[in-house]
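Asks: The amino acid sequence is not available; the structure is as follows:
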């Protein structure tokens, strides 16, 4: 399995995925992550995905506490850790033409230039999370 390292975001769990043919609500950032991971699964070294918001019952305090103590092992045992930094940032002039009440969940781009984006990527909320080091450094 791959363990996903990502930020939850502040949005409500408004997006739907299906687990064993049953609807399950996730936040938009996780939905986008899963969408793009599904597109890349053909070349993946993993068969399963582990995401805390899905694999840990968030309504059960005892399970959450128990699983937090096991997080280092969860990431260490993963065949790889997939880090999701979020969608690329739209230029302001493009973003102003999009309806603001609908969150952007997918985005097609002609290309991505790491050198042009490194400052913006390094300032993403992901890097302010305490768990970041554990999640991607313990993984393969």
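Replies: Now that the structure is in, tell me what you want to look at. The structure presented is a predicted model; accordingly, all values stated were derived computationally and were not measured. Residues are numbered from 1 along each chain as shown.
Asks: only C-alpha atoms for contact and neighbour calcs from this point on.
Replies: Fine.
Asks: Where is the longest helix in the protein?
Replies: Looking across the chain with DSSP state H, the single longest helix is helix 28-40.
Asks: I'd like to check what contacts whichever helix or strand comes after it. Which residues are they?
Replies: Using DSSP states H and E, the helix or strand that directly follows helix 28-40 along the chain is strand 49-50. With contacts defined as CA atoms under 8 Å, 6 or more residues apart in numbering, strand 49-50 is touched by 1, 2, 3, 4.
Asks: Go again with 10 Å.
Replies: For strand 49-50, the external contacting residues (CA atoms under 10 Å, 6 or more residues apart in numbering) are 1-5, 34, 37-38, 55-56, 74-75, 78, 80-82.
Asks: for stretch 133-140, same thing?
Replies: Residues from elsewhere that reach stretch 133-140 (CA under 10 Å, 6+ apart): 2-6, 71-83, 127, 132.
Asks: Which among these count as buried?
Replies: Buried members of the contacts of stretch 133-140, counted by 16 or more other CA atoms under 10 Å: 2-6, 71-72, 74-83, 132.
Asks: Which of the contacts of stretch 133-140 fall within strands?
Replies: Here DSSP state E is the test, and the contacts of stretch 133-140 give 2, 3, 4, 5, 80, 81, 82, 83 as lying in strands.
Asks: Understood, closing this out.
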